[in-house]
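Novice: got a predicted structure plus its sequence, pasted below:
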Amino acid sequence: MVKRTKAKLKKSNEVHKHHTYYSITNKGHYTLKSINEREYLKYLYIPCLEMLAFKKKHVNNEKLQKLINMGLLAKDGELKEMGKRVLDLAKRRHINLNNS
């Protein structure tokens with residue numbers, strides 16, 4: 001593969017100016033720490049809960065990435081502690097999860 005010369009000569013500040021960096025406020029930090037399994041369960045759809053329950057690897061990568069970003073699944077697909085608590089609460093509330 002041959003690179004174009006213009007692409008090689010880009011200065012680093014030109015590349016970085018397109019990125020936006022955010023910092024979280026103290027209020028945001030405490031809000032995130034206060035989220036518990038009830039809050040997760042309120043916003044997760046059944047297909048995402050089924051992914052947690054049955055460890056479906058062949059499903060939509062977008063949903064899988066969502067669960068990883070939420071801290072419910074590890075990158076290797078294993079349940080994290082919060083994921084286990086969310087599943088336990090779903091079972092206690094008799095949420096119907098199908099293994100299909």
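Specialist: That came in fine, so what should we check first?
Novice: which parts of the host helix or strand of L89 are buried?
Specialist: Using DSSP states H and E, L89 falls within helix 81-92. For helix 81-92, a neighbour-count test (16 or more other C-beta atoms under 10 Å) marks M82, G83, R85, V86, L87, A90 as buried. The way it works is simple: take the backbone N, C-alpha and C, and place the C-beta from them, glycine included.
Novice: ok, so of those, who is nearest P47?
Specialist: Within the buried residues of helix 81-92, the smallest distance to P47 is 12.8 Å, found for A90 (C-beta to C-beta).
Novice: excluding its backbone neighbours, what's nearest that closest one?
Specialist: Nearest non-adjacent residue to A90, counting by C-beta to C-beta, 6 or more residues apart in numbering: L49, 5.6 Å away.
Novice: L89 too?
Specialist: Leaving out its chain neighbours, the residue that sits closest to L89 by C-beta to C-beta, 6+ apart is E37, at 4.8 Å.
Novice: wouldn't that neighbour be in contact with M82 here?
Specialist: Yes: using C-beta atoms under 8 Å, E37 is in contact with M82, at 6.7 Å.
Novice: circling back to that earlier point, what packs against the helix holding L89?
Specialist: Packing partners of helix 81-92 (3 or more C-beta pairs under 8 Å, 6 or more residues apart in numbering; DSSP states H and E): helix 37-43, helix 46-54.
Novice: just the CA trace of the last one, in CSV.
Specialist: Output for helix 46-54, consisting of C-alpha atoms alone and laid out as CSV, is shown next (Å, rounded to 0.1, in the frame of the first residue of the first chain):
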residue,chain,number,x,y,z
ILE,A,46,-34.9,-7.7,27.4
PRO,A,47,-32.4,-8.6,24.6
CYS,A,48,-29.6,-7.0,26.6
LEU,A,49,-30.7,-8.9,29.7
GLU,A,50,-30.8,-12.1,27.7
MET,A,51,-27.2,-11.5,26.6
LEU,A,52,-26.2,-11.2,30.2
ALA,A,53,-28.1,-14.3,31.3
PHE,A,54,-27.2,-16.7,28.5
